[in-house]
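1. I'd like to go over a predicted model; first the sequence, then the structure.
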Amino acid sequence: MSDANGSITLAEFAAAPRQRRRLPRWSDCLPDSVVEQVMASTEDASAVANWLKQVGYPDATAARVRVLIDDRERQAAGV
């Protein structure tokens with residue numbers, strides 16, 4: 001059952017199919033052109049985060065960018 005403010009409870013969240021409960025990643029909100037530049041680069045997460053801050057994404061952090069770096073590495077490995 002949802003709580004008073006309409007939020008889903010932990011039990012409901014855990015019972016939901018995994019696909020439905022996936023929350024968007026911070027990097028999912030970046031424009032495709034930005035993601036493409038990150039994916040085409042060889043820069044580490046820290047450098048990418050600093051660049052993102054410089055071009056207008058003040059909330060960028062190495063941790064938030066790390067998922068893109070991981071995606072890039074998996075793609076390069078053919079996984």
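-> All right, it came through fine.

2. where does the residue nearest to residue 16 when sequence neighbours are not counted land in three-state SS?
-> Counting by CB to CB, 6 or more residues apart in numbering, residue 8 is the residue found nearest to residue 16 once chain neighbours are left out, at 7.9 Å. All C-beta spots, glycine's among them, are computed from the backbone N, C-alpha and C. Following DSSP: H, G, I helix; E, B strand; the rest coil, residue 8 is assigned to coil.

3. Can you give me the neighbour number for residue 8?
-> Neighbourhood size, residue 8 [other CB atoms under 10 Å]: 14.

4. Over to residue 79?
-> 6.

5. element containing residue 14?
-> helix 10-15 (DSSP states H and E).

6. Counting by contacts, list what that helix packs against.
-> Under the contact definition 3 or more CB pairs under 8 Å, 6 or more residues apart in numbering; DSSP states H and E, helix 10-15 sits against no other helix or strand.

7. helices and strands of this structure: which one bottoms out on pLDDT?
-> Here the helix or strand of the chain ranked lowest by mean pLDDT, DSSP states H and E is helix 18-21, holding a mean of 59.
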